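**Student:** can't give you the sequence, but here's the structure:
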């Protein structure tokens, strides 16, 4: 996976342009699931997963473009890059573009790759934070 000005990156970064591409194809929702992800409750549809784990209305923000699994118990409610569900729209495009272009530094090629940028930079940006939600078990 190669960034135009940051150069070589770990393959896990390629999920970002892949999700953006799927959204541009006209899909209303796109789910990304890492190969090492698991779910407590099996055989739930994506809408049922979201209903079961996202904060209830009115606590769920209407501006959220992407729901992430939370990183409990290690890092609290920070988003985990292993599972996310995206809703097509300007917010998703901006969030994906910002995440892709964040300077990954040594994490471009060292663990924890794009997850580091997600948790330690994107999650704290004033323009990005309202576009992200975490699902809490």
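**Tutor:** Structure received. What you see is a predicted model; the values in this text were computed from it and never measured.

**Student:** would you agree residue 109 is in contact with residue 9?
**Tutor:** Yes - counting by CB atoms under 8 Å, residue 9 is a contact partner of residue 109 at 6.6 Å. Quick note: C-beta positions are derived from backbone N, CA and C, even for glycine.

**Student:** center of this structure - which residue?
**Tutor:** residue 84 (4.7 Å; CA atoms, centre = their mean).

**Student:** before we move on, the earlier item: looking at residue 109 and residue 9, which is more packed in?
**Tutor:** The neighbour count for residue 109 versus residue 9, taken as other CB atoms under 10 Å, is higher for residue 9 (19 against 14).

**Student:** mind listing what's buried in the longest helix seen in the chain?
**Tutor:** For the chain, the helix with the greatest residue count under DSSP state H is helix 90-101. Within helix 90-101, the residues that count as buried by 16 or more other CB atoms under 10 Å are 91-92, 95-96, 98-100.

**Student:** would CSV of the residues you listed with pLDDT and distance to residue 118 be doable?
**Tutor:** Output for the buried residues of helix 90-101, formatted as CSV (pLDDT from 0 to 100; distance: CB to CB, whole Å):
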residue, pLDDT, distance to residue 118
91, 96, 16
92, 97, 14
95, 97, 10
96, 98, 11
98, 97, 11
99, 97, 6
100, 97, 11
